[in-house]
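Peer 1: Need coordinates for the following:
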Amino acid sequence: ALTLTRNTNSIIYSTTCRSQLPTDKDFLPLSVDYQTRFSSAGLTSGGYNKRDGRPSELEILVSRIIDRPLRPLIDSRWRHDTQ
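Peer 2: Numbers count the residues shown, from 1 in each chain. Now for the predicted structure:
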């Protein structure tokens, strides 16, 4: 699924995908990745490693803020890998 939301100065592009076959894990296999992209505005934060390396501390915290309240909303029987 894909969502594109526009605000005055921002665009939020959100995608969701899942595996076709359920897994045999006893927990919800959910992955949330938040990324801030300055390159679309012509801004870069430094060298290759800073731009495309590991996520910043802010991106990790925002991913967790999205993940934590989302998990209880998903059916407990859901066993597909979800990103």
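Peer 1: quick one: least confident helix or strand in the protein?
Peer 2: One helix or strand of the chain scores below all others by mean pLDDT, DSSP states H and E: helix 48-52, with a mean of 56.
Peer 1: Quick check: next helix or strand after that helix?
Peer 2: Using DSSP states H and E, the helix or strand that follows helix 48-52 in sequence is helix 57-70.
Peer 1: Please spell out which residues along that next one are buried.
Peer 2: 62-63 (16 or more other C-beta atoms under 10 Å). (C-beta placed from N, C-alpha, C; glycine too.)
Peer 1: Closest to the centroid, which residue in this structure?
Peer 2: D33 (2.6 Å; C-alpha atoms, centre = their mean).
Peer 1: Tell me which residues touch that one, please.
Peer 2: 55, 63, 83 (C-beta atoms under 8 Å, 6 or more residues apart in numbering).
Peer 1: for T36, same thing?
Peer 2: By C-beta under 8 Å, 6+ apart, the neighbours of T36 are 56, 58-59.
Peer 1: circling back: so can I have TSV of the contacts of D33 showing distance to T23 and pLDDT?
Peer 2: Putting the contacts of D33 into TSV (distance: C-beta to C-beta, whole Å; pLDDT from 0 to 100) gives the following:
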residue	distance to T23	pLDDT
P55	25	82
S63	21	90
Q83	13	88
